[in-house]
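**Student:** below are the sequence and a predicted model; questions follow.
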There are 2 protein chains.
Amino acid sequence: MSDADSSVARERVIESMEQSAEVYGLSRSSGRIYGVLYFASDPLSIPELVDETGYAKSTVSNVTRTLSRIGLIHRKSSTGGGRRVRFEAEREVWFILQDVFQQYIQREVQTTLRTIHRAEEQVATETREQERIRELRETYEDLEEIVQLASEYSAAELREALETYER
Amino acid sequence: MSDADSSVARERVIESMEQSAEVYGLSRSSGRIYGVLYFASDPLSIPELVDETGYAKSTVSNVTRTLSRIGLIHRKSSTGGGRRVRFEAEREVWFILQDVFQQYIQREVQTTLRTIHRAEEQVATETREQERIRELRETYEDLEEIVQLASEYSAAELREALETYER
DNA sequence: TGGTTTGTTCGGATTGAGCCGAACAAGCAG
DNA sequence: CTGCTTGTTCGGCTCAATCCGAACAAACCA
């Protein structure tokens, strides 16, 4: 219940975020920087992030750029105050997961489907290859629709949709 | 429509699989070896895979081991015939995706949740950290349930569940 | 204007993953 | 028993990613 306990708990969660970042194909530094921002009460500048994380200024600069691009954190260019750029974490984790989904899975599914379609056009006769490709296409078409729909729902809605579904 | 066209189409799809493998955190060689097995009419041995893919014997050995472990291909230890081990692709792509989901996402979600629970126990009083951690926990609990349910449905069922859901 | 703070960009060191070839183990065939 | 095929394991090479420090650019302050 003390501040020390709080910061230990915070540190544990941030370490977990470092690990999650790796699972999702990001660097450990991304996980830590996001974690520090997640718990920060105000947006932080790059020098502040350097203090908090121990990473070099250049690392923080690069990581914040990519995290901003992906939408995990938001860049607030405060034209007014002393510091120039400050970063804030996107705390709606579900949004983040949706973004990752869209950027990774959906794109992958779509490019694969495009390849499959082109391959199918090329092979007119019914060979074994053709059949295999068709099977692949059918699964991917389901998958495309699933990903599309899932990205439109909130976590609670998605959960409910699955829980109330009767086969 | 000729054999040449077929094999070009096959090659295209296999290249696409190489790329997909990278997206899912596997090596390109994994994608190619899976692809060759996906289109093969019979299970293939390691020397045959060496011929088909051009990779070294050791590479094929290592990759087939990991792919078997994940469930992307199946090891058929034919005690009878001349060749000893042969591999067959799991062609139900949806099963594969479910496996990947289970192994990557579900495990990640569960370990994160465990960390969060422990962190919450430690911090009794309502600090800002505590609140942030609680928000995180709620999203992850939804997510855990979603992943759990999704892994029990077929692609078609899942698609239907989402399509018929009325908010 | 000169100095300080902030942020970006560049080159380089370190590390890990992927792949290879060679050595080794284990069956089968003669 | 001696080769021949198959599969695994080991050490090493290469390449890419990560991170660092230094140099640079840009804005603010005195």
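**Tutor:** Looks like it arrived, so ask away.
**Student:** when you work out contacts or count neighbours from here on, use the C-alpha atoms and nothing else.
**Tutor:** Fine.
**Student:** could you list the low-pLDDT ranges of chain A?
**Tutor:** Within chain A, the ranges that satisfy pLDDT under 70 run A:1-3, A:78-83.
**Student:** need the residues of it near DNA strand D, please.
**Tutor:** For chain A, the residues in contact with DNA strand D (CA under 7 Å from any atom of the strand) are A:25-30, A:54-59, A:79-80, A:82.
**Student:** and the furthest pair within those?
**Tutor:** Greatest spatial distance among these (CA to CA): A:25 and A:80, at 35.8 Å.
**Student:** what sits against the spatially most central residue of chain A?
**Tutor:** The residue lying closest to the centre of chain A (CA atoms, centre = their mean) is residue A:100, at 3.3 Å. Residue A:100 sits next to residue A:70 when contact means CA atoms under 8 Å, 6 or more residues apart in numbering or on different chains.
**Student:** ok so, going back, compare residue A:25 and residue A:80 (neighbour count), which wins?
**Tutor:** Counted by other CA atoms under 10 Å in any protein chain shown, residue A:25 and residue A:80 do not tie: residue A:25 has more neighbours, with 11 against 7.
**Student:** and what about that one, helix, strand or coil?
**Tutor:** Residue A:25 falls in the coil class when you classify it by DSSP: H, G, I helix; E, B strand; the rest coil.
**Student:** show me what counts as buried in stretch A:13-30.
**Tutor:** Under the neighbour-count criterion of 16 or more other CA atoms under 10 Å in any protein chain shown, stretch A:13-30 has A:13-21, A:23-24, A:26, A:28-30 buried.
**Student:** which of those residues fall in helices?
**Tutor:** Taking DSSP state H as the definition of helices, these contribute A:13-21, A:23, A:28-30.
**Student:** mind putting these into JSON lines with distance to DNA strand C?
**Tutor:** As requested, these are arranged in JSON lines below (distance: CA to the nearest atom of the strand, whole Å):
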{"residue": "A:13", "distance to DNA strand C": "22"}
{"residue": "A:14", "distance to DNA strand C": "20"}
{"residue": "A:15", "distance to DNA strand C": "17"}
{"residue": "A:16", "distance to DNA strand C": "18"}
{"residue": "A:17", "distance to DNA strand C": "18"}
{"residue": "A:18", "distance to DNA strand C": "15"}
{"residue": "A:19", "distance to DNA strand C": "13"}
{"residue": "A:20", "distance to DNA strand C": "15"}
{"residue": "A:21", "distance to DNA strand C": "14"}
{"residue": "A:23", "distance to DNA strand C": "12"}
{"residue": "A:28", "distance to DNA strand C": "12"}
{"residue": "A:29", "distance to DNA strand C": "14"}
{"residue": "A:30", "distance to DNA strand C": "14"}
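**Student:** sticking with the residue lying closest to residue A:145 once chain neighbours are set aside, tell me its helix or strand.
**Tutor:** Excluding the flanking residues, the one nearest residue A:145 by CA to CA, 6 or more residues apart in numbering or on different chains is residue B:159, at 6.8 Å. Here residue B:159 sits within helix B:155-163, counting by DSSP states H and E.
**Student:** mind giving me the packing neighbours of that helix?
**Tutor:** helix A:128-150, helix A:155-163 (3 or more CA pairs under 8 Å, 6 or more residues apart in numbering or on different chains; DSSP states H and E).
**Student:** reformat the ones you listed as CSV; add mean neighbour count.
**Tutor:** Formatted as CSV, the helices and strands packed on helix B:155-163 follow (neighbours: other CA atoms under 10 Å in any protein chain shown):
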stretch, mean neighbour count
helix A:128-150, 18
helix A:155-163, 19
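**Student:** which one of those lies closest to DNA strand C?
**Tutor:** Checking the helices and strands packed on helix B:155-163 against DNA strand C by CA to the nearest atom of the strand gives helix A:128-150 as the closest, at 23.1 Å.
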